[in-house]
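Participant: No letters, just coordinates:
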């Protein structure tokens, strides 16, 4: 089984904020796979949890998957992830775990898939790495862009996306969900080349 975790903050206050991009990618993936995210049946796994299957393709077998959105605040995400790994039939986190998170150092909508590394200043990922005691945790970063000059990063990521960004998000979230599917089927290293390229710009509407 593979475990995919979308990082964010709980509750409607934060649902549309930039810091919840990881959860929104997870929700897009859940819709694609027809997996319901429901309160976890495990007392120590605080969050929404769903299980299902990523269908087989001619090149890859079916994959059993679990999706988790921790319902702790961002900087306390690690406990739920560690508990889920203990409760579910997960093998090696270096190959069977993928964490999705927001990234202010990437332009809006850009994706960066990596098999390991530091937290890069992201407190949610830092807490996950700390609880697991390892850095070889695959992660998909979803770019939310840098804050404007004079705006503190901690405030910027807790703001909602702009109206223009919200209009673009459905396409970008679907692309990110597709990147997760590729990583689950092919492995992170094989999926990186396609995922980490800049996306094609949307087609311009015809004149008239």
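Facilitator: Okay, I see it. This structure is a prediction, so every number in the text was calculated from the model and none was measured.
Participant: In this protein, which helix is the longest?
Facilitator: The residue-count maximum for a helix in the chain (DSSP state H) belongs to helix 163-186.
Participant: Now do whatever helix or strand comes next after it against helix 163-186: the angle between them, please.
Facilitator: The element immediately downstream of helix 163-186 (helix or strand, assigned by DSSP states H and E) is helix 188-195. Angle, helix 188-195 to helix 163-186, by axes from the mean of the first three to the mean of the last three CA atoms, to 10 degrees: 140 degrees.
Participant: what about the protein, any weak spots by pLDDT?
Facilitator: 200-208 (pLDDT under 70).
Participant: show me where it has strands.
Facilitator: 2-6, 38-39, 47-54, 63-70, 97-103, 111-114, 139-143 (DSSP state E).
Participant: quick one: strands adjacent to the fourth one?
Facilitator: Meaning strand 63-70. Here strand 63-70 has these sheet partners by DSSP bridges: strand 2-6 (parallel), strand 47-54 (antiparallel).
Participant: How about the most centrally placed residue in the chain, nearest residue that isn't a chain neighbour?
Facilitator: Nearest to the geometric centre of the chain sits residue 100, at 2.1 Å (CA atoms, centre = their mean). Nearest residue to residue 100, sequence neighbours excluded (CB to CB, 6 or more residues apart in numbering): residue 22, at 4.1 Å. For the C-beta atoms, the positions are set from N, CA and C on the backbone; glycine is no exception.
Participant: correct me, but residue 84 touches residue 77?
Facilitator: No - using CB atoms under 8 Å, residue 84 makes no contact with residue 77, being 10.8 Å away.
Participant: Can you say which of the strands of the chain is nearest to residue 188?
Facilitator: Among the strands of the chain, the nearest to residue 188 by CB to CB is strand 111-114 (5.9 Å).
Participant: Packing partners of that closest one?
Facilitator: Contacts defined by 3 or more CB pairs under 8 Å, 6 or more residues apart in numbering; DSSP states H and E place strand 111-114 against strand 139-143, helix 163-186, helix 188-195.
Participant: who touches it?
Facilitator: Residues outside strand 111-114 that contact it (CB atoms under 8 Å, 6 or more residues apart in numbering): 103, 106, 138-143, 175-176, 179, 183, 188, 191-192, 195-196, 199.
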